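1. Sequence plus predicted model, see below.
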Amino acid sequence: MIRAGRGKTIEAVREVLDPPDVDMRALLHMRARANRGLDQVLGITSTFASEDERTHEEDIRRVERLLSVVNLETTGWRRLVKVAERGVFHFLPTSSCEFATFIRCVTFHTWVVGVLNPDDPQNRELQHLDLTVEQITNAIFEFSEHGQTNVSPTQIHDVLGQWVTSREDDPDYRAINLVFPLYDKLWRLVAATVICAQCYPVSRNPLLDFCENPTRRQFTISMGGLGDPSAADVVNEVLRLYPPIEQISRPYGLPRWQAMLKCHVQTADIKAVQEYDEGGSRLPEPREFMPERWQNEIKPAMFAFGEGKLRCPAHGWVPAAAALIAAKVMDGIDGVRLRMERPSGGGDTRYNWEGWTVRRVR
């Protein structure tokens with residue numbers, strides 16, 4: 001019998017995500033159990049689908065090494081800026097395309113060429129093999145949304161193996177492990193950020209300023225008046241309203257052997273708890289996009305990357321990277337040659353980017 005509870009307060013969410021009396025093996029077991037489809041459908045063998053502690057430690061170190069080469073103080077970051085620019089230019093449509101498809105392709109190109117292959121030329125293009133970039137990214141999206149895809153794991157592995165070439169230290173390590181889930185969460189954040197900037201003009205200038213001067217200082221400062229948001233504030237507000245994972249489950253409050261046998265589960269409601277500030281008070285207009293709220297002394301609660309032992313190892317890098325790609329997209333879709341078009345019809349959608357298109361007007 002599965003017994004479950006739901007944490008919506010700051011204290012409850014912290015206790016679910018970083019329970020003091022549950023060891024790492026039990027946490028990894030619960031995550032692997034929830035992600036069993038990663039191995040069965042996509043052939044993923046990383047820590048997200050494994051309960052092995054050594055695999056977890058090795059994967060964390062692998063991600064940290066990759067990102068250390070492209071943080072904001074490195075030549076790798078400056079190269080990443082050029083790769084993102086190239087990706088936007090390469091995937092801009094000749095007539096029109098779905099906005100989400102465009103963002104998936106640009107983000108995938110930036111991640112694979114800019115991060116996973118740091119020694120490649122910055123103008124490298126991912127050559128069409130058995131699958132195109134669009135087909136690969138569509139397959140990953142289908143799996144993420146529906147738990148299955150019509151593209152075979154063998155095809156995905158073969159193509160990614162030829163695109164991700166910088167694996168000399170461990171050539172047998174599957175390239176899909178380096179792509180999913182980090183890329184899948186990154187493109188969604190980029191897409192949501194661009195749409196928020198399109199709908200809320202207060203967000204445009206901070207991102208475009210960061211586009212022109214993509215430094216850590218520029219990311220964190222406001223160029224406007226007192227209380228105006230920075231690019232970091234914009235991305236944080238997107239993460240608050242549209243967290244990559246809305247709910248996270250963990251075994252809780254039991255010794256490891258009992259947690260495994262009884263499946264006692266607690267769920268942290270990330271989306272709900274981020275309607276409160278760090279002190280536990282409900283935010284003013286919590287479901288409105290207001291990046292300036294991050295200028296306040298007491299910040300909104302933020303659990304978008306998890307908390308504790310299983311916190312995403314890319315939490316310090318992703319916001320600036322998402323802002324960079326979003327800003328380059330906004331710069332490329334200039335409203336003159338190309339423009340974004342809102343979805344026709346009304347009604348709520350699951351994602352704020354659903355139904356948007358990119359259209360060339362001249």
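-> That came in fine, so what should we check first? Numbering: from 1, shown residues only.

2. Does R339 belong to a helix, a strand or coil?
-> For R339, the assignment made with DSSP: H, G, I helix; E, B strand; the rest coil gives strand.

3. tally of neighbours for it?
-> Counted by other CB atoms under 10 Å, the residues lying close to R339 total 15. To be clear about C-beta, it is placed using only N, CA and C from the backbone, and glycine gets the same treatment.

4. Any stretches of the stretch 251-362 of the chain with poor pLDDT?
-> Filtered on pLDDT under 70, the stretch 251-362 of the chain yields the residue ranges 251-264, 346-347.

5. who's the nearest residue to T94 once chain neighbours are set aside bridged to?
-> If the residues on either side of it in the chain are set aside, T94 comes closest to R360, at 6.4 Å by CB to CB, 6 or more residues apart in numbering. With beta bridges defined as DSSP bridges, R360 has these partners: L338.

6. which ones are touching S249?
-> Contacts here follow CB atoms under 8 Å, 6 or more residues apart in numbering; on that basis S249 touches 4, 30, 34, 265-268.

7. Ok, M290 next?
-> Contacts for M290 were tallied using CB under 8 Å, 6+ apart; they are 237, 284.

8. Got phi/psi on it?
-> phi -140, psi 80 (degrees, to the nearest 10).

9. what's the answer for A231, then?
-> Torsion angles at A231 (phi, psi; degrees, to the nearest 10) stand at phi -60, psi -40.

10. ok, S222 to L72 distance?
-> Taking CB to CB, to the nearest Å as the criterion, S222 is separated from L72 by 18 Å.

11. for P118, same thing?
-> P118 is 15 Å from L72, where distance means CB to CB.

12. again with R282
-> Here the distance between R282 and L72 works out to 34 Å (CB to CB).

13. residues contacting the residue nearest to R362 when sequence neighbours are not counted?
-> Nearest residue to R362, sequence neighbours excluded (CB to CB, 6+ apart): R337, at 5.8 Å. Each residue near R337 by CB under 8 Å, 6+ apart is listed here: 360-362.

14. What about the residue nearest to T94, how many residues nearby?
-> By the criterion of other CB under 10 Å, R360 has 14 neighbours.

15. show me what contacts it?
-> The contact partners of R360, by CB under 8 Å, 6+ apart, come to 92-96, 337-338.

16. would CSV of those residues with distance to P229 and secondary structure be doable?
-> Listed next are the contacts of R360 as CSV, based on distance: CB to CB, whole Å; DSSP: H, G, I helix; E, B strand; the rest coil:
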residue, distance to P229, secondary structure
L92, 28, coil
P93, 30, coil
T94, 35, coil
S95, 35, coil
S96, 31, strand
R337, 28, coil
L338, 26, strand
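
17. ok, of those residues, which one's closest to G227?
-> Ranking the contacts of R360 by separation from G227, with CB to CB as the measure, puts L338 on top at 32.3 Å.

18. I figured that closest one was touching V358, is that so?
-> Yes: counting by CB atoms under 8 Å, a contact exists between L338 and V358, whose distance comes to 6.1 Å.

19. which residues do the two both contact?
-> 92-93.

20. Which one's more surrounded, these two?
-> Set side by side, L338 and V358 show unequal neighbour counts under other CB under 10 Å, the larger going to V358 at 23 against 16.

21. Ramachandran angles for W111?
-> W111 has phi and psi values of phi -70, psi -50 when expressed as degrees, to the nearest 10.

22. Pull the number of nearby residues for it.
-> The burial metric for W111, expressed as a neighbour count using other CB under 10 Å, is 26.

23. Now it: closest residue in space that isn't a chain neighbour?
-> Using CB to CB, 6+ apart and skipping the chain neighbours, the partner closest in space to W111 is Y183 (4.7 Å).

24. Can you tell me the SS state at the one you found?
-> Under three-state DSSP, the three-state class of Y183 is helix.

25. how about low-confidence regions in the stretch 101-250 of the chain?
-> Low-confidence regions of the stretch 101-250 of the chain, defined by pLDDT under 70, span residues 167-168, 225-226.

26. can you give me the helices for the stretch 101-250 of the chain?
-> Ranges of helices within the stretch 101-250 of the chain are 133-146, 153-163, 176-179, 182-199, 204-212, 216-220, 231-241, based on DSSP state H, counting those that start in this stretch.

27. now the stretch 251-362 of the chain
-> Listed in chain order, the helices of the stretch 251-362 of the chain (DSSP H, counting those that start in this stretch) span residues 256-262, 270-273, 318-332.

28. right, so of those, which gets closest to L189?
-> Counting by CB to CB, L189 lies closest to helix 318-332 out of these; the figure is 4.4 Å.

29. same for the closest one, what does it pack against?
-> If you count contacts as 3 or more CB pairs under 8 Å, 6 or more residues apart in numbering; DSSP states H and E, helix 318-332 packs onto helix 75-91, helix 99-109, helix 182-199, helix 204-212, helix 216-220, helix 231-241.

30. just curious, which of the contacts of S249 is nearest to G227?
-> Top of the list for closeness to G227, among these and by CB to CB, is A268 at 31.1 Å.

31. List the contacts of the closest one.
-> Applying CB under 8 Å, 6+ apart to A268 gives the contacts 6-7, 12-13, 16-17, 247-250, 303.
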